[in-house]
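Colleague: Everything below, folded, please.
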Amino acid sequence: MGSRGTIDTDFLNHTSAQLAGDRYGYLPSLLRVRRGTANTTSFEEIHADSGSGFRFAAEAFAKVVDEHDFGAIRRAAEASLDNAATLAAIGRSARSGQAEPVPARGVGKDMSAARLV
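Modeller: Next up is the predicted model:
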């Protein structure tokens, strides 16, 4: 949950399009976004490809190498650092009971305070 909405997911790495799961035991993934903070605002379902997360990662890496898009590695690393900073702020908020700032990294980044509610 953030200051502008909520992301709700089950964090499955491997997914199936079949409701009852597939022969590998993969289940359908759930990803929902609420744009806004009011509980009366409905969630929007986000659909993604189904399959093995390992395969998706390998294909993405192969594409980076094939296209010589090494900036993609930098962008992924930046996103990981932003995620880590957000998780650290959530941890501080859980301990302090207050909104905690997420340090800005880079020019033009909108990093608002995190608060565990």
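Colleague: any chance you could map the helices in this structure?
Modeller: Here the chain has its helices, by DSSP state H, at 53-67, 71-96.
Colleague: and those, which is most packed in?
Modeller: Stretch with highest mean neighbour count among those: helix 71-96 (a mean of 13; mean count of other C-beta atoms under 10 Å). To be clear about C-beta, it is placed using only N, CA and C from the backbone, and glycine gets the same treatment.
Colleague: from the chain's centre, how far out does that one sit?
Modeller: 11 Å (C-alpha atoms, centre = their mean, to the nearest Å).
Colleague: Could you tell me the angle between it and helix 53-67?
Modeller: Per axes from the mean of the first three to the mean of the last three C-alpha atoms, to 10 degrees, the angle that helix 71-96 makes with helix 53-67 is 140 degrees.
Colleague: lowest confidence element among the helices and strands of the chain?
Modeller: Between all helices and strands in the chain, the lowest mean by mean pLDDT, DSSP states H and E belongs to strand 5-9, at a mean of 87.
Colleague: Run through who's touching that one.
Modeller: Residues outside strand 5-9 that contact it (C-beta atoms under 8 Å, 6 or more residues apart in numbering): 29-37, 43.
Colleague: Considering those residues, which possesses the most neighbours?
Modeller: Sorting the contacts of strand 5-9 by how many neighbours each has (other C-beta atoms under 10 Å) puts residue 29 first, at 20 neighbours.
Colleague: Just list the residues touching residue 22, thanks.
Modeller: Neighbouring residues of residue 22 by C-beta under 8 Å, 6+ apart: residue 16.
Colleague: From residue 93, how far out is it?
Modeller: Here residue 22 is placed at a distance of 39 Å from residue 93 (C-beta to C-beta, to the nearest Å).
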